[in-house]
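Asks: Prediction below, plus the sequence it came from.
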Amino acid sequence: MRNKLKLASLAIVFSVGYSYMNQAMAQTQGWGEGAKLEDTEIVVEKNRVIELPQAARNFEKFRIPPPETGDRNVRYRFVDYRLPSQDINLQLKVLTIKQDELTKLYGNYLKAGLGNYGSLYLKGYFHNKRSDVADFGAVVSQISSARGPVDKSNSAVSNSSISAHGERYLKGATFGGSLAYGRDKYNFYGYAPSLEQEIEKDSIKQVFNRISAEAFLHNQTSGSPFLYKTDIRFNYLNDRYDMSEANFAVGFKSDYAIDDVSAFKVDADVSLISQNDSSSVSRNFVKIHPAYQRQLNALRLTFGATVAYTSDEVNDARKLNVYPDIRLGVEPIKDNLLIYAGLGGDLERVSLYNLTRENPWLSPNVQVADVNKGLEIYGGFQANIANYVHLTGRVAYQNFRNLYFYNNAADDSTKFDLIYDDGLTNILNFYAEASFNYSDEIRLGLKADYNSYDLATLEQPFHRPELMASVFGTYNFYDKILFNSELYYIGSSFGRITRPDGSTVLRETDTIVDLNLKADYKFTNNFTIFVMANNILGKKYERFVNYPSKSINLLGGVTYSF
């Protein structure tokens, strides 16, 4: 503290001195070279005591009183902020998932193959691609064998055809048509080969020329309560023996939905056939079938009738026929099980155009008649199991008039006549079918058709086997290899042969067991090779008396798709 007081005293003295000197300098003319400082005596007295008051000392800390607490009421204010309306055309870019590209379709393919027996296989299929406007295409086919099971080229066969088809889609309707030509060449090789007598090839030839045309109109996809389909058909056939047949036909089918559970249907067919052989025959056919259908929960009812007329005179054929159509169905499991029973009948149109496809060795001047199914009592079921297994079963008792049979002609056993049972032919029929489908990879199936014949005058149901069955299967291996197999069973049948001396003998045909295999290997989407093996068991069985079939037949080739 004392040091601080000394320093304060010295500061005061220097301050007074500095002030006095400033006043003296102000009286002179300034500091110059001629100026002189006069002698002066300065007396400093040290007899004044400087006393400072005693400082107040406060050792308490500075305190700030806390604010008084009170009720805090927080108020919230909500304000809706809205953007002003603006007429601005915003260019938005919508992000979308890229659509899968459609699988490329190969609407055309060419197929060619060669095999034993001098077999040639050619087929061309041409079709337009995806279109919602029209559908059209053409097919060309040639399947032939230069040699056969009897006398080499004397049992050759050739089937050729070319066809075109198309349809046009309109709003609420579809119309279209088809045109086809076919040429089928066969030989009557059902003779006993002889070393002493040579068969002249031209004398055993048979050639069929077929022309077919069709035009149709329907609205099946229109969604209308009234659905219809009408068509006009024309078939023409001729052969090497001056036989010809022309068939002009008109068909009509309709279905009118009265409501969700009932409908009325009307079907009609008209066929006019002109057959020219050793004589000219006109065969007219008219059939009308109205029916009423109704569904009551799980119950399905059908009531109707069939009225049919034929101008045939074979075997005193009945001209005008009326058949009932009554059917009762029960569906205890919707879409999976249907059980049905019914009573009906029908008149079935028969033509040489179809008969010569079933048996190409018919004799000239055969008498053709429509099949009259006078009465049929039937029952059956349809079932689906787990969407993979489909079952069908049916049993029926039928009686027929003018049901045709094939038998060897009396004057030439290499040809066949059409013969009829004089009276009623009663048949007990059992039919069963089962199929298994799994993801288009594996498909298995079984079909069996058994007929027990009760004949009026014929001793045997000539060339009509009692049992026909087949087992088939396909396997698709990664869309790369496709296997197909078919196993057929056809029971034996009978034919009566007339010997040169006039006597007859009953001949039984073979029981047929035929195994066929086919495999396709896809190299690329365009190229596929195929191999077919028919009648692998190698038996030259007879389906018709005196007509053995080929032994094992191998065929291989390539398919090009584009």
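Replies: Cool, the structure landed. Numbering: from 1, shown residues only.
Asks: pLDDT weak spots in the protein?
Replies: Applying pLDDT under 70 to the chain flags the ranges 1-105, 194-196.
Asks: Tell me if I am right that Ala308 is in a helix.
Replies: No: assessed by DSSP: H, G, I helix; E, B strand; the rest coil, Ala308 does not belong to a helix; its assignment is strand.
Asks: Against Glu376, how distant is Thr392?
Replies: 17 Å (CB to CB, to the nearest Å). For glycine as for every other residue, the C-beta is placed from the backbone atoms N, C-alpha and C.
Asks: If you count surrounding residues, which of these two has more?
Replies: Each of Thr392 and Glu376 has its neighbours counted (other CB atoms under 10 Å); Glu376 has more, 19 against 15.
Asks: The closest residue to that one other than its chain neighbours pairs with what?
Replies: For Glu376, the nearest residue in space outside its immediate sequence neighbours is Gln398; the separation is 4.7 Å by CB to CB, 6 or more residues apart in numbering. Partner residues in beta bridges with Gln398: Glu376, Ile427, with DSSP bridges as the criterion.
Asks: how many other residues sit next to Gln398?
Replies: Gln398: 20 surrounding residues under other CB under 10 Å.
Asks: Next one: it relative to Glu433, how far apart?
Replies: From Gln398 over to Glu433 the distance is 18 Å, taken as CB to CB.
Asks: quick one, phi psi at Asn154?
Replies: phi -70, psi -10 (degrees, to the nearest 10).
Asks: quick one: it from Ser144, how far?
Replies: Relative to Ser144, Asn154 is positioned 15 Å away (CB to CB).
Asks: Looking at these two, which one has more neighbours?
Replies: Neighbour comparison, Asn154 and Ser144: the larger count goes to Asn154, with 19 against 16 (by other CB under 10 Å).
Asks: counting contacts, what elements does the helix or strand hosting Tyr431 pack onto?
Replies: The secondary structure element spanning Tyr431 is strand 425-438 (assigned by DSSP states H and E). If contacts are counted by 3 or more CB pairs under 8 Å, 6 or more residues apart in numbering; DSSP states H and E, strand 425-438 sits against strand 389-401, strand 442-454.
Asks: Mind listing what's buried along the following helix or strand past the first one?
Replies: Going back to what we said before, that points to strand 389-401. Of the helices and strands lying after strand 389-401 in sequence (DSSP H and E), the nearest is strand 404-408. Under the neighbour-count criterion of 16 or more other CB atoms under 10 Å, strand 404-408 has Tyr404, Phe405, Tyr406, Asn407, Asn408 buried.
Asks: Also stretch 211-231?
Replies: Applying 16+ other CB under 10 Å to stretch 211-231 flags Ser212, Glu214, Phe216, Leu217, His218, Asn219, Leu227, Tyr228, Lys229, Asp231 as buried.
Asks: Next: stretch 156-174.
Replies: Of the residues in stretch 156-174, those buried under the neighbour-count criterion (16+ other CB under 10 Å) are Ala156, Val157, Ser158, Asn159, Ser161, His165, Gly166, Thr174.
Asks: Please state the offset of it from the chain centre?
Replies: When distances are taken as CA atoms, centre = their mean, to the nearest Å, stretch 156-174 is centred 18 Å away from the chain's centroid.
Asks: Return the set of residues that bridge with the closest residue to Gly176 other than its chain neighbours.
Replies: Computed as CB to CB, 6+ apart, the closest residue to Gly176 that is not its neighbour in sequence is Glu167, at 2.7 Å. Judged by DSSP bridges, the bridge partners of Glu167 are Asp135, Gly176.
Asks: which ones are touching Pro461?
Replies: The neighbourhood of Pro461, defined by CB atoms under 8 Å, 6 or more residues apart in numbering, consists of Phe405, Asn451, Tyr453, Leu455, Ser493, Phe494.
Asks: Adding distance to Lys334, write those residues out as a markdown table.
Replies: Converted to a markdown table, these look like this (distance: CB to CB, whole Å):
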| residue | distance to Lys334 |
| --- | --- |
| Phe405 | 43 |
| Asn451 | 33 |
| Tyr453 | 39 |
| Leu455 | 43 |
| Ser493 | 43 |
| Phe494 | 47 |
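Asks: List buried residues within the residues you listed.
Replies: Taking 16+ other CB under 10 Å as the criterion, what is buried in those is Phe405, Asn451, Tyr453, Leu455, Ser493, Phe494.
Asks: what are the ranges of the helices in this protein?
Replies: Taking DSSP state H to define them, one finds helices in the chain at 2-27, 352-358.
Asks: you'd agree Ser274 is up against Ser282?
Replies: Yes: here Ser274 lies in contact with Ser282, judged by CB atoms under 8 Å, at a distance of 5.7 Å.
Asks: Can you list the buried residues in stretch 411-424?
Replies: Along stretch 411-424, the positions that meet the burial threshold by neighbour count (16+ other CB under 10 Å) are Ser413, Thr414, Lys415, Phe416, Asp417, Leu418, Ile419, Tyr420, Asp421.
Asks: Looking at strand pairing, list the partners for Asn408.
Replies: Phe416.
Asks: What residues does the spatially closest residue to Tyr541 that is not a sequence neighbour make contact with?
Replies: Closest residue to Tyr541 in three dimensions, ignoring its sequence neighbours and counting by CB to CB, 6+ apart: Asp510, at 4.1 Å. When contacts are counted by CB under 8 Å, 6+ apart, Asp510 is found next to Ser492, Lys539, Tyr541, Glu542.
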